[in-house]
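Participant: sequence plus predicted model, see below.
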Amino acid sequence: MTKTFAIIAAAGSGTRFGGDKMTTPLCGTPVVVRTITAFQQSPLISGIIVAASENNRAAIETLCKIYSLDKVACVIQGGETRAETVQLALSHIPSETKLVAVQDGARPLVTAELIARVIAAAKEIGAALPVVPVRDTIKEISSNGIQTPNRDCLFAAQTPQVFDLAKYREIITNDAVSDDSTLFEQARLPVTTIDGDPRNIKITTADDLLTATAFLTGKTDSKLRIGHGYDAHRLVEGRRLVLCGVDVPFERGLLGHSDADAAFHAVTDALLGAAGLPDIGNIFPDHDPKWKDANSGDLLAFAAKMSRERGFTVMSADVTIIAERPKLSPFIPQMRGNLAAALGVSADCVNVKATTEEGLGFAERGISAHSVVLLTTQ
């Protein structure tokens, strides 16, 4: 069997979408997970390289583990342009590979049937892509006025686009091209097209997400669930101070059966509450020796897995830590990254804040945290 690797291009900025569309849930499953899964399940694909952005790389790595996407050889950081991103990914593909399939990470409705047809066409010609007819009349507007090209000759390009890997490596450049087949066209190499899939849409704006939802479910409504969590622990000598998975230098730490991470405990309770599950004390009881000194990030990740099994996806998580001392602002970025990783989402889906009680209450003797988590499901 011809060895084919797939490159999932997921390094876009998401500016027009208004956030990281790759980790945004689509009918309860992140967009990029749906895309990768189609290639994971294709018997024609030997391995997958995911090219992510700096902001979502850690989240996508976590999602690949959570969803057991074991064909993913690695998740790399993409470049500034589509061409640079693909070039970086190509360097990770084994030399014995014959074909490479380049797929937009934001096309989550791609099917195994379409993947198979494009690969078959590329084996014959060396370069193939799916296209669909343009349905609207197109107007070309310039300083010379308005022109109307013949709609019968216009087609919209889709992905995956599949190429002979050796030829692709010979011609790839950093030119700002909108799709990979353009490089073959410019090099005057043969390119063939096949019938695409009208449902194989690209998620560019929030409206596209609604369209994809309608294709999958026949409806556009989603259910939102919100949960609130609170936790507090006393400060004592001889204990580490752990907050959102960060070891904070301080002369005292929080007393508890686990690592006593009040922030992660608050988020865990908020998540469990939103998912309609028992609270943290029931799932991880403090009389069970296996939770002694447990890493609270692992507990949160386990709770997130439980919520996913009930069909929920985290939309956002917000936690406020209340402490008089120490000063926590230098640790907030790392805390935020740890929180996103534990939940399996991108950093722009979570927030961590710290405040004091101005010397008025409990924060003189301990540290507490409040959290709100928003879940969605179809």
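Facilitator: Done, it's in. Numbering: from 1, shown residues only.
Participant: and residue 182, what element?
Facilitator: If you go by DSSP states H and E, residue 182 is part of helix 181-186.
Participant: quick one: distance of that helix to the chain centre.
Facilitator: With CA atoms, centre = their mean, to the nearest Å as the basis, helix 181-186 stands 29 Å off its chain's centre.
Participant: next: stretch 229-240.
Facilitator: That offset, for stretch 229-240, works out to 33 Å (CA atoms, centre = their mean).
Participant: can you list contacts of it?
Facilitator: Around stretch 229-240, the neighbours that count as contacts under CB atoms under 8 Å, 6 or more residues apart in numbering are 241, 247, 251-256, 259-260, 262-263, 265-273, 280, 362, 365-373. The C-beta positions use only the backbone N, C-alpha and C, and glycine is treated the same way.
Participant: average pLDDT across that stretch?
Facilitator: Average pLDDT, stretch 229-240: 93.
Participant: what about stretch 198-214, how long is it end to end?
Facilitator: Using CA to CA, to the nearest Å, one end of stretch 198-214 lies 13 Å from the other.
Participant: any buried residues in it, and which?
Facilitator: Neighbour-count burial for stretch 198-214, counted by 16 or more other CB atoms under 10 Å, picks out 199-204, 208-209, 212-213.
Participant: can you redo those residues as JSON lines with secondary structure, pLDDT and distance to residue 134?
Facilitator: Rendered in JSON lines, the data for these read as follows (DSSP: H, G, I helix; E, B strand; the rest coil; pLDDT from 0 to 100; distance: CB to CB, whole Å):
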{"residue": "199", "secondary structure": "coil", "pLDDT": "93", "distance to residue 134": "16"}
{"residue": "200", "secondary structure": "coil", "pLDDT": "95", "distance to residue 134": "15"}
{"residue": "201", "secondary structure": "coil", "pLDDT": "94", "distance to residue 134": "14"}
{"residue": "202", "secondary structure": "coil", "pLDDT": "94", "distance to residue 134": "15"}
{"residue": "203", "secondary structure": "coil", "pLDDT": "93", "distance to residue 134": "19"}
{"residue": "204", "secondary structure": "coil", "pLDDT": "90", "distance to residue 134": "16"}
{"residue": "208", "secondary structure": "helix", "pLDDT": "89", "distance to residue 134": "17"}
{"residue": "209", "secondary structure": "helix", "pLDDT": "85", "distance to residue 134": "22"}
{"residue": "212", "secondary structure": "helix", "pLDDT": "88", "distance to residue 134": "20"}
{"residue": "213", "secondary structure": "helix", "pLDDT": "83", "distance to residue 134": "24"}
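Participant: closest one to residue 22 out of the residues you listed, please.
Facilitator: For the buried residues of stretch 198-214, the closest approach to residue 22 (CB to CB) belongs to residue 203, at 8.8 Å.
Participant: my guess is the closest one meets residue 107, correct?
Facilitator: Yes: with contact defined as CB atoms under 8 Å, residue 203 reaches residue 107; the gap is 7.5 Å.
Participant: quick one: residues in contact with stretch 321-331.
Facilitator: Contacts for stretch 321-331 (CB under 8 Å, 6+ apart): 241, 243-244, 246, 248-250, 262-263, 335, 352-357, 359, 362-364, 367-370.
Participant: which element follows the strand ranked longest in the chain toward the C-terminus?
Facilitator: Determined from DSSP state E, the single longest strand within the chain is strand 223-237. For strand 223-237, the succeeding helix or strand toward the C-terminus, using DSSP H and E, is strand 242-243.
Participant: may I have the strands that pair with that next one, each with its orientation?
Facilitator: Here strand 242-243 is paired, per DSSP bridges, with strand 246-247 (antiparallel).
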